[in-house]
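Asks: Output the structure for:
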Amino acid sequence: MVEDGRPVGGIRRVTVEEGDNVVLAVVATVSDQVHLHGYDLMADVAPGSPATLVFTATVAGRFEVELEERGIKLADLEVRP
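Replies: Numbering: from 1, shown residues only. Presented below is the predicted three-dimensional model:
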């Protein structure tokens, strides 16, 4: 959940295994784009219109999830080999 452009409860830490199917959902009170770095996935988010990123974790590493236009970090995604 993003409220006024800030992640409620702080930056999330998410860990998955390489090969996992992943669904990242972001609900926000602002309009922006959610960007998953490293995978270069983006989805629009707006009040009443959550963003959903669906993908298979094929690349190991740590990746930032952010509100693209605001440059605000929402989460760290770790994909373990």
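Asks: how much space between the residue nearest to the spatial centre of the chain and residue 48?
Replies: The centre of the chain sits closest to residue 65, judged by C-alpha atoms, centre = their mean, with a distance of 3.8 Å. Distance, residue 65 to residue 48, by C-beta to C-beta, to the nearest Å: 20 Å. (C-beta placed from N, C-alpha, C; glycine too.)
Asks: now the strands for this structure?
Replies: Using DSSP state E, the strands of the chain run over residues 2-3, 6-7, 12-17, 21-26, 32-36, 41-45, 51-56, 61-67, 72-80.
Asks: Name the stretch among the ones you listed that sits most buried.
Replies: A comparison of the strands of the chain by mean neighbour count, using mean count of other C-beta atoms under 10 Å, puts strand 32-36 on top with a mean of 20.
Asks: what lines up beside that strand in the sheet?
Replies: strand 41-45 (antiparallel), strand 61-67 (antiparallel) (DSSP bridges).
Asks: ok, and what's touching it?
Replies: Outside strand 32-36, the residues within contact range by C-beta atoms under 8 Å, 6 or more residues apart in numbering are 5, 24, 26, 41-46, 51, 53, 55, 63-70, 74, 77.
Asks: what's the distance between it and the middle of its chain?
Replies: 7 Å (C-alpha atoms, centre = their mean, to the nearest Å).
Asks: Measure how that strand sits relative to strand 51-56, angle-wise.
Replies: 20 degrees (axes from the mean of the first three to the mean of the last three C-alpha atoms, to 10 degrees).
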